[in-house]
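Engineer: Got a sequence here, can you model it:
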Amino acid sequence: NKKWVTKVPPDKRLTDKDIELFVTSAKPIAFLVLYNNFEDEARSVFQSLALLSPSTIIPPLLDRLTVAADTLTEPHRFHVCIQAMSATAGPLVRLYPVRALELLYSLLPGIDVND
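Structural biologist: Residues are numbered from 1 along each chain as shown. Okay, the predicted model is just below:
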């Protein structure tokens, strides 16, 4: 089917290196937005960036989640990190299944049926 053949010349197409560079440049801003009052926007940003380059976004997000889980004085950080992780659930489960299971097991004791 000729409709699906791209008309963009091969030398003008985005490469994996271009995508990685874009995600790397947007990553600091995404992590700043993570702790602001823009929870829906932060989830959307992390979902998009994790789809483009999961290896650049998910490991630092998991590290921040681990730090946030150990912090008793700032529960908001943990809540926000969990929301961002839920937005990246697809790539997380596909590429880091062991870490996804560890995350689910660590969240299990915090679930209260009375809430």
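
Engineer: Dump the longest helix belonging to the chain to CSV, keeping only the CA atoms.
Structural biologist: In the chain, taking DSSP state H as the definition, the longest helix is helix 16-34. Output in CSV follows, covering the C-alpha atoms of helix 16-34 (Å, rounded to 0.1, in the frame of the first residue of the first chain):
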residue,chain,number,x,y,z
ASP,A,16,17.2,6.9,18.0
LYS,A,17,20.0,9.2,19.0
ASP,A,18,17.9,12.2,18.2
ILE,A,19,15.1,10.9,20.4
GLU,A,20,17.5,10.0,23.2
LEU,A,21,19.0,13.5,23.0
PHE,A,22,15.5,15.1,23.2
VAL,A,23,14.4,13.0,26.2
THR,A,24,17.7,13.7,28.0
SER,A,25,17.3,17.4,27.5
ALA,A,26,13.7,17.4,28.7
LYS,A,27,14.4,15.1,31.7
PRO,A,28,15.5,17.9,34.2
ILE,A,29,12.4,19.9,33.4
ALA,A,30,10.2,16.9,33.8
PHE,A,31,11.6,16.1,37.3
LEU,A,32,11.1,19.7,38.3
VAL,A,33,7.5,19.6,37.2
LEU,A,34,7.1,16.3,39.2
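
Engineer: which of the residues in that helix are buried?
Structural biologist: Using 16 or more other C-beta atoms under 10 Å as the test for burial, helix 16-34 gives 23, 26-27, 30-31, 33-34. The way it works is simple: take the backbone N, C-alpha and C, and place the C-beta from them, glycine included.

Engineer: do the same with stretch 35-44
Structural biologist: Neighbour-count burial for stretch 35-44 [16+ other C-beta under 10 Å]: 35, 42-43.

Engineer: next one: the host helix or strand of residue 99 to chain centre, how far?
Structural biologist: Applying DSSP states H and E as the criterion places residue 99 in helix 97-107. Mean C-alpha position of helix 97-107 versus that of the full chain (C-alpha atoms, centre = their mean, to the nearest Å) differs by 15 Å.

Engineer: Thanks a lot, catch you later.
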